[in-house]
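Enquirer: Build the 3D model from these lines:
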Amino acid sequence: MRSSDAHLEKALEEYNGTVSELENGDDLPALLDAYINRGCILSMLDSTVSAISDFDSAIDVIDELRENGTEVDPGCVFKVYVSRGELMSDGTGHDMSQDYRKAAEVLDSLEPGCRYYDRKKLVSACLTCAHDLLDAELPDYAVPFLEKALRYLDPKGDIETRNGYVEAKNCLGQALVDSEPDRAFREFSDALAVADALYTSAQLDDESELVLSLYFLGDICRDTDRGEDEYLSYREEAIRVMEEMKACGTLEDEELLSDLHGEVARIYMGRGDMATAEKHLLKQVSYNLNGSTEYMRDNGIDH
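Expert: Numbers count the residues shown, from 1 in each chain. The predicted structure follows:
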C-alpha cells in the first residue's frame, strides 16, 4: 500500500469513529462536516458509491438544519454539491449539472474564509466546475462560476494569478461565443493581452491558452462583420506562436497548425497574392506529410 493510501485509510478509520459518535448525538453542524470530510476521503480512495452516500447524508443534514432555522455556511453547501456532482456525472453532464446548479445558488454568499475555501481553493473549484460544464456542452451553467473566479483574479497580480485570469477569461469567452459573440470577443481580448505579456516574459504556464485566445478571436472576426484584415491578423499571429511552440517541442496539435496554414493560404489566394499563399500551402503539405509518415511508422506500415 502506498504511503498516501495508508494515510487516507487511517483518516477514514478516524472519521468512521467520528461519524458513528455524532450520528448518536445532536450536533448537526459537526455531523455535516464529518460526512463531507469522510466523503472526500472515500472519493480519493475511489470508493465512489460510499462517497456519494456520505454526500447524500450531508445534504440531508443541510436540509434539516435549514428546516430548523439554522444558517448553514455556504462553503459547506458548495463543497458537498460540487463534490457529489463530480462523482455523479454520467457522461452527459445531466446529473453533474443539477448538483453544480445547486452549488451556484450560494455563489453570491461564498467568499474566501467560508468553510473549506480560501481564495486559491475557491478559484480552483470554480474553474474546475466551469471546465466540466463546458466539456458537457452546458456553457450557460459555466458563466456564474467563471464570473465568481474572476472576482479574485487580478490581471496585474502575481504570475499565478495572471495565469488563472487568462484561463478564466478564455473559458468565459468560450461559454459566451455562441450566445454573445461581442462580449466573448472582449473576454478573449482581455485574455490575449495578459497571455501575450506572460508569453513574452516566458511566464505563461500553458502556451495553448495564448493560441486559444487568438484562434477564437479569429473565428469571431470571420463569422461577424469585423473584417478580413483583422481575421487574418489573428490567424497569422496564432501560426507564429504555434511555429515557435513547434520549434521548442511544446506543440501538441500539429494538425491545427496545418489547418491554419491552409486557411490563411486560401485568404491570400482570394487576394491574388499567390506567392504568400504558396508559402503557407507548402507548410501545410509538409505537416500533412509528416503526420502521414508518423502514422505509418507508429502503425508498422511500410513506406
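
Enquirer: Could you report the pLDDT at Leu200?
Expert: Wrong residue type there; residue 200 is Thr, not Leu. pLDDT, Thr200: 97.

Enquirer: pLDDT below threshold where in the chain?
Expert: Applying pLDDT under 70 to the chain flags the ranges 1-4, 89-94, 290-303.

Enquirer: hey, where'd the helices end up in it?
Expert: 3-23, 28-44, 48-67, 74-88, 94-104, 119-135, 139-150, 159-176, 181-200, 208-223, 228-248, 254-270, 274-298 (DSSP state H).

Enquirer: Residue nearest the middle of the protein, spatially speaking?
Expert: His131 (3.2 Å; Cα atoms, centre = their mean).

Enquirer: which one is it nearest to, not counting chain neighbours?
Expert: Cys171 (6.8 Å; Cβ to Cβ, 6 or more residues apart in numbering). The C-beta positions use only the backbone N, C-alpha and C, and glycine is treated the same way.

Enquirer: wait, doesn't that neighbour sit right on Ala142?
Expert: Yes: Cys171 is within contact range of Ala142, at 6.8 Å (criterion: Cβ atoms under 8 Å).

Enquirer: Can you report how many residues lie near Leu198?
Expert: 21 (other Cβ atoms under 10 Å).

Enquirer: give the contact list for it.
Expert: Counting by Cβ atoms under 8 Å, 6 or more residues apart in numbering, Leu198 touches 159, 162-163, 166, 204-205.

Enquirer: again, only this time at 10 Å
Expert: Residues in contact with Leu198 (Cβ atoms under 10 Å, 6 or more residues apart in numbering) are 159, 162-163, 165-166, 204-207, 209-210.

Enquirer: Specify which member of those residues is nearest to Gly69.
Expert: Tyr165 (39.9 Å; Cβ to Cβ).

Enquirer: Spit out the contact partners of that closest one.
Expert: 123, 149-150, 152-157, 190-191, 194-195, 198.

Enquirer: can we see that at 8 Å?
Expert: 150, 153-155, 157, 191, 194.

Enquirer: try Leu45
Expert: 5, 8-9, 12.

Enquirer: Distance of it relative to Ser189?
Expert: With the distance defined as Cβ to Cβ, to the nearest Å, Leu45 ends up 44 Å from Ser189.

Enquirer: Then Ala136?
Expert: On the measure of Cβ to Cβ, Ala136 and Ser189 end up 26 Å apart.

Enquirer: How about Val211?
Expert: Distance from Val211 to Ser189, by Cβ to Cβ: 15 Å.

Enquirer: Please say which of the two ends up with more neighbours.
Expert: Val211 (23 against 14).

Enquirer: Wait, the residue nearest to the centre of the chain touches Asn170, no?
Expert: No: His131 sits out of contact with Asn170 when judged by Cβ under 8 Å, with a separation of 10.7 Å.

Enquirer: show me the residues around Gln203 that make contact.
Expert: Applying Cβ under 8 Å, 6+ apart, we find Gln203 in contact with 159, 162-163.

Enquirer: quick one: contacts for the residue nearest to Asn288 when sequence neighbours are not counted?
Expert: Spatial nearest neighbour of Asn288, chain neighbours left out: Ser258 (5.8 Å); criterion: Cβ to Cβ, 6+ apart. If you count contacts by Cβ under 8 Å, 6+ apart, Ser258 has them with 283-284, 287-288, 291.
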